[in-house]
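Engineer: Have a look at this prediction, sequence included:
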Amino acid sequence: MPVITLPAAQVAAGAGHLPPVCPRHGEPATEQRSIKLISKPPAWAAIFILGGGILYLIIVLALRKTVKAPAWPWCATCSAQRKKLLAIGLPLLAVGLLLVFGAIAMNSDASAVLALLGIVVLLAGTIVAARGGQLPVTGALVSGDGQYVEVKQGSDRFLMALNRGRTRV
Ligand SMILES: [Zn+2]
């Protein structure tokens, strides 16, 4: 799977500036979605976790580069993946919450174990549901300098379509 690198300006230009092919899965786009793409925090930012979650969050948000993609190619596999992850993640969240509240309501010796189990299920549900977000499904990230949009596990078919478009112009 090739790494796809697109100039941020091309992505932000919207409809007609990207081939109608999903960059992640290589399938024909079923729709063009408006998605706010973001950059990953640099590795050194992790040191600020020691200073507390809020400080880390401020640093990450301050450094974050965003590219607004008004017409990102979105395919049937994107939709299926999102649906599947949400169908697993959201019920897990609900079960986790039930376990935590059930443990509090029960107020017995088993409560601590039940609450712990609930928190674990809650965390698992959050992780799965978060992966079903539009952004993780696209697999696209903005580069640290904000100049490019990268799809690490891109599709050959998208690259081919992109190159065809370039030679034609
Ligand atoms: Zn796709």
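Structural biologist: Thanks, I have it.

Engineer: Please make it C-alpha for all contacts and neighbour counts, starting now.
Structural biologist: Noted.

Engineer: before we move on, which element is the residue nearest the centre of the chain in?
Structural biologist: The centre of the chain sits closest to Pro136, judged by C-alpha atoms, centre = their mean, with a distance of 1.9 Å. In the assignment (DSSP states H and E), Pro136 maps to helix 134-138.

Engineer: Figure out how far that helix is from the centre of its chain.
Structural biologist: 4 Å (C-alpha atoms, centre = their mean, to the nearest Å).

Engineer: can you pull the buried residues of stretch 125-143?
Structural biologist: By neighbour count with 16 or more other C-alpha atoms under 10 Å, stretch 125-143 contains the buried residues 125-126, 128-132, 134, 137-143.

Engineer: swap in stretch 30-48?
Structural biologist: Neighbour counts over stretch 30-48 (16+ other C-alpha under 10 Å) mark 30, 32-34, 37-39, 41, 48 as buried.

Engineer: can you check stretch 7-26 too?
Structural biologist: 8-9, 11-12, 14-15, 18-26.

Engineer: Please tell me how far Ile119 sits from Leu93.
Structural biologist: As judged by C-alpha to C-alpha, to the nearest Å, Ile119 and Leu93 stand 9 Å apart.

Engineer: the longest helix in the chain is where?
Structural biologist: Criterion DSSP state H: the longest helix present in the chain is helix 76-106.

Engineer: quick one on the thing from earlier: filter the buried residues of stretch 7-26 down to the ones in helices?
Structural biologist: 8-9, 11-12.

Engineer: Go through those residues and say which is closest to the ion.
Structural biologist: Val11 (15.9 Å; C-alpha to the ion).

Engineer: Just the element for the closest residue to the closest one other than its chain neighbours, please.
Structural biologist: Excluding the flanking residues, the one nearest Val11 by C-alpha to C-alpha, 6 or more residues apart in numbering is Ala69, at 5.6 Å. Using DSSP H and E, Ala69 maps to strand 66-75.
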